[in-house]
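A.B. asks: starting from these lines, generate the structure:
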Amino acid sequence: MEIEILGTGCSKCKSLEEITRKVVKDNGIDANITKVEDIVEIMKFNIMTTPALVVDGKVVVKGRVPSAEEIKQFLTR
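C.D. replies: Predicted coordinates:
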């Protein structure tokens, strides 16, 4: 599973990355997590607000920090 955290480095972006890494670790999910901070790369996903969570190339959350439970649901479908 490929997970991308899109964000330029704001506190919400950092929070999303921390929560996502914790959910992956705590649930033994086999995933590669990448932090994308380059605005040109972020724009390729056609989003206007960050942070965003991308799972296997699909944007699942944008513009907010979801709960750990929400993230777990996105990653275990």
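
A.B. asks: which SSE is the residue sitting nearest the centre point of the chain in?
C.D. replies: Per C-alpha atoms, centre = their mean, the C-alpha nearest to the average position across the chain is that of Leu53, at 2.8 Å. Using DSSP states H and E, the secondary-structure element containing Leu53 is strand 52-55.

A.B. asks: within the sheet, what are the partner strands of that strand, with directions?
C.D. replies: strand 2-6 (antiparallel), strand 58-62 (antiparallel) (DSSP bridges).

A.B. asks: put the alpha carbons of the last one into PDB.
C.D. replies: So the one you mean is strand 58-62. The C-alpha coordinates for strand 58-62 follow below in PDB (Å, rounded to 0.1, in the frame of the first residue of the first chain):
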ATOM      1  CA  LYS A  58      -6.700   8.100  -4.600                       C
ATOM      2  CA  VAL A  59      -7.400  11.200  -2.400                       C
ATOM      3  CA  VAL A  60      -9.400   9.900   0.500                       C
ATOM      4  CA  VAL A  61      -9.400  13.100   2.800                       C
ATOM      5  CA  LYS A  62      -8.600  16.700   2.000                       C
END
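
A.B. asks: deepest-packed of the strands paired with strand 52-55, please.
C.D. replies: Among the strands paired with strand 52-55, ranked by average contacts under mean count of other C-beta atoms under 10 Å, first place goes to strand 2-6 (a mean of 21). The way it works is simple: take the backbone N, C-alpha and C, and place the C-beta from them, glycine included.
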